[in-house]
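*Asks:* fold the following and give me the result.
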Amino acid sequence: MSAKWALVLAFCFMSTLLPAPASAEHEVFYRYVVLGYVKDARGAPLRGVSIKVIREKTGFSYLAETDAQGFYMIVARLGDESLGERLLVKAGSLTATVIARFDRANHTDERGTRLDFLGKKPLERPTWFASTLKRFLAQ
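*Replies:* Next comes the predicted model:
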């Protein structure tokens, strides 16, 4: 049996275990994306760097690792009520804090920020978020 069919069968089995329809946590208003690049002081991408986003409010963490281009993306479960929440982002031994900023009334546009680590310096670029996400999704 191919891996594709095994995945389909597993999904079908798991869906029979649900007592009611699942909540819509896949919707844009239930997620906040932190993405960016990790590079050394000369601008060379760093592959395999562990990335962790920690919700300061709950202590819950989300994990990722950079790819060959030094790129990472983490999708955190944050709803409308999480506006202004502080997120601690760790890239190896480096840390930075970002604030979840978004329009609570906007339930169509992706929510998130871009946070790059360049050498030992974190640099948040929220205006670059949408274009970076679009480029990633187009691959």
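
*Asks:* and T132, that's in a helix?
*Replies:* Yes - judged by DSSP: H, G, I helix; E, B strand; the rest coil, T132 forms part of a helix.

*Asks:* my read: it touches L35, true?
*Replies:* Yes - contact status for T132 versus L35: in contact at 6.0 Å, counting by Cβ atoms under 8 Å. Backbone N, C-alpha and C define where each C-beta goes, glycine included.

*Asks:* list residues touching both of the two?
*Replies:* R114 (Cβ atoms under 8 Å, 6 or more residues apart in numbering).

*Asks:* OK, contacts around K52?
*Replies:* Contacts of K52 (Cβ under 8 Å, 6+ apart): 61-64, 89-90.

*Asks:* from the residues you listed, pick the one nearest R77.
*Replies:* Y62 (8.2 Å; Cβ to Cβ).
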